[in-house]
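In: After the sequence you'll find the predicted model.
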Amino acid sequence: MSEEKMYNSRFEVIKSIEGFVGENLPSLLKPVDESWQPSDFLPDMTKESWQDELKEIRERAKEIPDELLVVLVGDMVTEEALPSYKTWLNRLEGITDVTGASSSAWAKWSRGWTSEENRHGDLLNKYLYLTGRVDMRAVEVTVHHLINSGFDPQTGNDPYLGFIYTSFQERATKISHSNVGRLAKKSGETLLHKICGIIAGDEARHEKAYKLFMTKIFEADPVYAVLSFAKMMRLKVTMPAHMMTDGKDKNLFTKFSNVAQRLEVYTVKDYASIIKNLVEGWNIPALKGLSDAAAKAQDYLCTLSERYNALANRFSFAANAESFSWIYDRKV
Ligand SMILES: [Fe+2]
Ligand SMILES: [Fe+2]
């Protein structure tokens, strides 16, 4: 089948599950009046007690080790590049919100997802600002650069690749935020633990949604779904912020990833575990009636997580301390 024909059929599949998405939206997105907002977790600056609340935050934030702070900043910068992710999502064939306020289920999902995600960067940004622990200007410059640089997860406008990417990525961010929260608690910063937990909860719900969309795609079009899954894994899931820079440091993302790996916030083992989770969740080993190429893709996927695990056991990361502009060039 020609590339173009495959493409049209994918568009048809996406359109065919739109009704299902519409019916499920109420359980996949939270109504606004039941949703948390960043100010629920931050001092109320209109109250007499704002100074005491602020002082308490700053006291507790002193306990956060520099290395954890660096990972938190990297996660916050990633969340703050939401305009790039929204732009990308809106380009996926069949998902596009054609008017900007379309009543199609896919458009409602994409706007709902964006509104929920928008709180993540907001909350982390305000929290970090209030702690007084980071060079906010350097952090903001990084966000500015990242949005300038853009975001290319190598999916093109293909909705199958797109939803495989988001299924993976939402699970990855859930893992990363949960681990930062756990380490924050360990260092005695209970507010940050709570903040990371509430964000991880959103990521978990989004992960469920994207995996469900892909489940429907696997039902409707198993051959191209499994080919797409293998293609995305061969391309590798690059992190959304892999183009981050503070304008001076060309290796900023690698340095940040090394610290995340060292703290076990997000590791090659996690990468392997996510592949395993998706392979099992979409029942890849049980797919039947595949073409030769799709059966090969199936075989490749079924052993892939083991291969990453083997890689993780051999993996060594730079252990030397590196400086970060985000924390006034202190080394971690
Ligand atoms: Fe997020
Ligand atoms: Fe997310």
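Out: The structure has been received and is ready for your questions. What you are looking at is a predicted structure, and each value in this text was computed from that prediction instead of being measured. Ligands and ions are numbered 1, 2, ... in the order given.
In: Downstream of whichever strand or helix holds Tyr308, the next helix or strand is which one?
Out: In the assignment (DSSP states H and E), Tyr308 maps to helix 292-314. Per DSSP H and E, helix 292-314 leads on to strand 323-324 as the next helix or strand towards the C-terminus.
In: can you list the residues that contact that next one?
Out: For strand 323-324, the external contacting residues (Cβ atoms under 8 Å, 6 or more residues apart in numbering) are 70, 73, 249, 252, 255-256, 329-332. To be clear about C-beta, it is placed using only N, CA and C from the backbone, and glycine gets the same treatment.
In: Quick one: the strands in the protein, in order.
Out: 323-324, 330-331 (DSSP state E).
In: before we move on, the earlier item: okay, buried residues for the helix holding Tyr308 please.
Out: Using 16 or more other Cβ atoms under 10 Å as the test for burial, helix 292-314 gives 294, 297-298, 300-301, 304-305, 308-309, 312.
In: Now tabulate those residues in CSV and tack on distance to Cys196 and pLDDT.
Out: As requested, these are arranged in CSV below (distance: Cβ to Cβ, whole Å; pLDDT from 0 to 100):
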residue, distance to Cys196, pLDDT
Ala294, 39, 97
Ala297, 36, 98
Gln298, 36, 98
Tyr300, 34, 98
Leu301, 31, 98
Leu304, 29, 98
Ser305, 26, 98
Tyr308, 25, 96
Asn309, 26, 95
Ala312, 24, 89
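In: Switch those residues over to JSON lines; also include distance to Gln37.
Out: Shown next, in JSON lines, are these (distance: Cβ to Cβ, whole Å):
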{"residue": "Ala294", "distance to Gln37": "45"}
{"residue": "Ala297", "distance to Gln37": "43"}
{"residue": "Gln298", "distance to Gln37": "44"}
{"residue": "Tyr300", "distance to Gln37": "44"}
{"residue": "Leu301", "distance to Gln37": "40"}
{"residue": "Leu304", "distance to Gln37": "39"}
{"residue": "Ser305", "distance to Gln37": "37"}
{"residue": "Tyr308", "distance to Gln37": "38"}
{"residue": "Asn309", "distance to Gln37": "40"}
{"residue": "Ala312", "distance to Gln37": "38"}
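In: Return only those of those residues found close to ligand 2.
Out: Applying Cβ under 5 Å from the ion, the subset of the buried residues of helix 292-314 adjacent to ligand 2 is empty.
In: Report the contact partners of the one residue in the stretch 201-332 of the chain that gets nearest to ligand 1.
Out: Ligand 1 sits closest to Glu203 of the stretch 201-332 of the chain, with a gap of 5.6 Å, by Cβ to the ion. The contact partners of Glu203, taken as Cβ under 8 Å, 6+ apart, are 170-171, 173-174, 177.
In: Could you pull out the helices in the stretch 51-200 of the chain for me?
Out: In the stretch 51-200 of the chain, the helices defined using DSSP state H, counting those that start in this stretch lie at 66-80, 82-89, 105-131, 136-149, 159-186, 190-220.
In: Mean pLDDT and distance to Glu280 added to those helices, as JSON lines?
Out: As requested, these are exported to JSON lines (pLDDT from 0 to 100; distance: least, Cβ to Cβ, whole Å):
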{"stretch": "helix 66-80", "mean pLDDT": "98", "distance to Glu280": "26"}
{"stretch": "helix 82-89", "mean pLDDT": "97", "distance to Glu280": "26"}
{"stretch": "helix 105-131", "mean pLDDT": "98", "distance to Glu280": "24"}
{"stretch": "helix 136-149", "mean pLDDT": "98", "distance to Glu280": "33"}
{"stretch": "helix 159-186", "mean pLDDT": "98", "distance to Glu280": "12"}
{"stretch": "helix 190-220", "mean pLDDT": "98", "distance to Glu280": "11"}
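In: want to throw the ones you listed into TSV with distance to Leu29?
Out: Formatted as TSV, the helices of the stretch 51-200 of the chain follow (distance: least, Cβ to Cβ, whole Å):
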stretch	distance to Leu29
helix 66-80	18
helix 82-89	14
helix 105-131	4
helix 136-149	25
helix 159-186	14
helix 190-220	8
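In: Using CSV, please lay out the ones you listed together with distance to ligand 2.
Out: Formatted as CSV, the helices of the stretch 51-200 of the chain follow (distance: least, Cβ to the ion, whole Å):
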stretch, distance to ligand 2
helix 66-80, 8
helix 82-89, 8
helix 105-131, 5
helix 136-149, 16
helix 159-186, 5
helix 190-220, 5
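In: Go through the ones you listed and name the closest to Phe11.
Out: With Cβ to Cβ as the criterion, Phe11 lies closest to helix 159-186 of the helices of the stretch 51-200 of the chain, at 7.8 Å.
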